[in-house]
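Colleague: Any chance you can model this:
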Amino acid sequence: MFIICVCTPFSSKATDYGRRNEKTARQQYEQLLGVKVQPTGLTLLPNHHYIGTSADGIVNSTVIEIKCPFRAENITVDQLVESGYEDSGPP
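Modeller: The predicted structure follows:
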């Protein structure tokens, strides 16, 4: 059995902000840590081809997921952490 889903891409201020800033965040991550992020697409589990992930990249065999919180649009990462930010969904 196959399930086919034709989905309309979700869009909001927060997701648009994240998409616009992901490349810059990845570049800053690479520069700060002195690493190269290898892009990755959909990765399926070898024995369970119906389970997969679409991470933002791989660094030294470690999968990374880049987040650009809309709540941090006008503050630094340090300020965001100090504010007690926890990713609990849309603002």
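Colleague: How about stretch 7-27, which residues are buried there?
Modeller: For stretch 7-27, burial by neighbour count (16 or more other CB atoms under 10 Å) applies to 14, 17-18, 21, 26. Placement of C-beta: from N, CA and C, glycine included.
Colleague: Likewise for stretch 31-38?
Modeller: Quick answer for stretch 31-38 (16+ other CB under 10 Å): Val37.
Colleague: Quick one: end-to-end distance for that stretch.
Modeller: End-to-end distance for stretch 31-38, by CA to CA, to the nearest Å: 14 Å.
Colleague: any idea which residue sits dead centre in the chain?
Modeller: Ile66 (3.3 Å; CA atoms, centre = their mean).
Colleague: Double-check it against Thr24; I have them as touching.
Modeller: No. If you go by CB atoms under 8 Å, Ile66 and Thr24 don't touch, sitting 9.9 Å apart.
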